[in-house]
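K.L.:
Just need the structure, nothing else, for what follows:
(4 chains)
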Protein chains: 2
Amino acid sequence: MLRETKKKQTKEAIMKHAIKLFKQKGYENVTVEEITIACGIAKGTFFNYFPKKEHILLHVTDTYMDLLNEIVHKHQEGTLRDRISHIFHDLLQIYLKHFDLLRFTLEETMRSAIRSETGSTNIKRFQETLSTLIEKEKNNASFPKRWESDKVAAILVGIFFHTIINWSSDVDKEKMMEMIQQQLDIVWEGIE
Amino acid sequence: MLRETKKKQTKEAIMKHAIKLFKQKGYENVTVEEITIACGIAKGTFFNYFPKKEHILLHVTDTYMDLLNEIVHKHQEGTLRDRISHIFHDLLQIYLKHFDLLRFTLEETMRSAIRSETGSTNIKRFQETLSTLIEKEKNNASFPKRWESDKVAAILVGIFFHTIINWSSDVDKEKMMEMIQQQLDIVWEGIE
DNA sequence: ACCAAAAAATGACTGCAGTCATAATTGACC
DNA sequence: GGTCAATTATGACTGCAGTCATTTTTTGGT
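P.N.:
Residues are numbered from 1 along each chain as shown, chains lettered A, B, ... in the order given. The predicted structure follows:
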């Protein structure tokens, strides 16, 4: 299957060069033609692999999805409450570190979620990851069974995204984590 | 001041015709030129009023912001917990009713929040509205003072947006409200 | 090694958002 | 009501995303 391997190579080449250029010049200042020239292919070929320029960004998220699993895996000890905090902390660090690229990725993630072009959005995958994490904890009896893991995960994801969307302009990283932390505290202890 | 009134008229005309066309044909199938022709002005004039096509959508939100205040005003009786539920219920109804237009508006709202083109995003304004609502309740001593209204509002907004983003594909309106409701319950009563 | 069908690459082409130099309109002042 | 500076309108123009008819490459069969 020469064809298959070549296709994979081309796709990866496009992504590699695209991301490199995005980081260099910013997403909006990079044209599709530029990317294809960097790859040594014709402009039209790009669209055989990605239906829109933006779709590269969705695939970028896939890479970071792996990272999410790593992070979740890294924080196994302690209470669920602490573990979630640590996970969010690490995620936030990554987001802020690669902010220039990832904010466009975030934008695209939101867009595709709203349009629901794909059944399974990256946000939903994030939520599922947290959901299974919580579900496991339930079996350890260290988590109240009356709440559906799914819904709790939804709240947590909501907090995370809402915070990074609304405060990513803020340069003060510590403050952002503090915001998330305080919201988590409220959720854990309950308002009333 | 003929000039001022004329400017306002033109701006409103653009918005009126634009929205009408968006509803008819969908945001993406309407060109800027089409809008200007409907208004009887030249294409270039459009960009004297809105820097980008998408910016009309941000102004659409302004209209719905007024609606938000009405809704908040409508639900004065009962506990805060119930009031919030009712407010979210009404908001969701509006969102779903005008879904075809509002999902693009939502998209744009998210975009501008992430890019933080404007200091005060519509999301932040929503949050502030809820925050003052909660703050008032604090003074009535019917709300625990230990939590900052701001943070509680942030959680609530997070729940609302995350839900509509991730489930707006779902046609089942009742289910969506149920999702929000259940998340609110958890937040109110606390996880632990 | 040759052939035909399927898959993939190509780049000229189209359509639209957004720009900008120029033209028309307005208001303030005499 | 005539003059001029400031504001606003205009539409030809530019640049880029995305399309598509055509060409090139790959593959499996003989």
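K.L.:
how about the nearest residue to the residue in chain A that chain B sits nearest to, chain neighbours excluded?
P.N.:
Closest approach between chain A and chain B, counting by C-beta to the nearest C-beta: residue A:190, at 1.9 Å. In this view, the C-beta of every residue, glycine as well, is placed from N, C-alpha and C. Closest residue to residue A:190 apart from its sequence neighbours, by C-beta to C-beta, 6 or more residues apart in numbering or on different chains: residue B:190 at 1.9 Å.
K.L.:
backbone phi and psi for residue A:147, please?
P.N.:
phi -100, psi 140 (degrees, to the nearest 10).
K.L.:
Against DNA strand D, how distant is it?
P.N.:
Using C-beta to the nearest atom of the strand, to the nearest Å, we find residue A:147 at a distance of 41 Å from DNA strand D.
K.L.:
does that residue really touch residue B:186, like I thought?
P.N.:
Yes - using C-beta atoms under 8 Å, residue A:147 makes contact with residue B:186 at a distance of 5.4 Å.
K.L.:
list residues touching both of these two?
P.N.:
Common contact partners of residue A:147 and residue B:186 (C-beta atoms under 8 Å, 6 or more residues apart in numbering or on different chains): none.
K.L.:
So residue A:131 sits against residue A:156, correct?
P.N.:
No - contact criterion C-beta under 8 Å: residue A:131 and residue A:156 do not qualify, at 9.3 Å.
K.L.:
tell me the domain boundaries of chain A?
P.N.:
Domain assignment for chain A by automatic domain parsing gives A:2-49, A:55-189.
K.L.:
Please identify the deepest-packed of those domains.
P.N.:
Of all the domains of chain A, domain A:55-189 has the most neighbours on average by mean count of other C-beta atoms under 10 Å in any protein chain shown, namely a mean of 18.
K.L.:
Residue A:162: what's it in contact with?
P.N.:
Per C-beta under 8 Å, 6+ apart, neighbours of residue A:162: B:123, B:154, B:157, B:158, B:161, B:162.
K.L.:
Below-threshold pLDDT in chain A: ranges please.
P.N.:
Within chain A, the stretches with pLDDT under 70 are A:1-2, A:118-119, A:141, A:171, A:191-192.
K.L.:
how about a cut-off of 90?
P.N.:
A:1-6, A:62-64, A:77-79, A:115-122, A:136-147, A:166-175, A:189-192 (pLDDT under 90).
K.L.:
SS state for residue A:143?
P.N.:
Using DSSP: H, G, I helix; E, B strand; the rest coil, the structure places residue A:143 in coil.
K.L.:
Tabulate the domains of chain A (TSV), appending distance to residue B:15.
P.N.:
Output for the domains of chain A, formatted as TSV (distance: least, C-beta to C-beta, whole Å):
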stretch	distance to residue B:15
domain A:2-49	26
domain A:55-189	22
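K.L.:
what helix or strand is the residue positioned nearest the centre of chain A on?
P.N.:
Taking C-alpha atoms, centre = their mean, the centroid of chain A lies closest to residue A:61, which sits 5.2 Å from it. For residue A:61, the host element (DSSP states H and E) is helix A:55-74.
K.L.:
Mind listing residues that contact that helix?
P.N.:
By C-beta under 8 Å, 6+ apart, the surrounding residues in contact with helix A:55-74 are A:14-15, A:18-19, A:27, A:50, A:87, A:90-91, A:94, A:101-102, A:104-105, A:107-109, A:112, A:122, A:125-126, A:129, A:133.
K.L.:
Could you check the angle whichever helix or strand comes after that helix makes with helix A:55-74?
P.N.:
Going down the chain from helix A:55-74, the next helix or strand is helix A:80-97, by DSSP H and E. Between the axes of helix A:80-97 and helix A:55-74, defined by axes from the mean of the first three to the mean of the last three C-alpha atoms, to 10 degrees, the angle is 140 degrees.
K.L.:
Cool, thanks, talk later.
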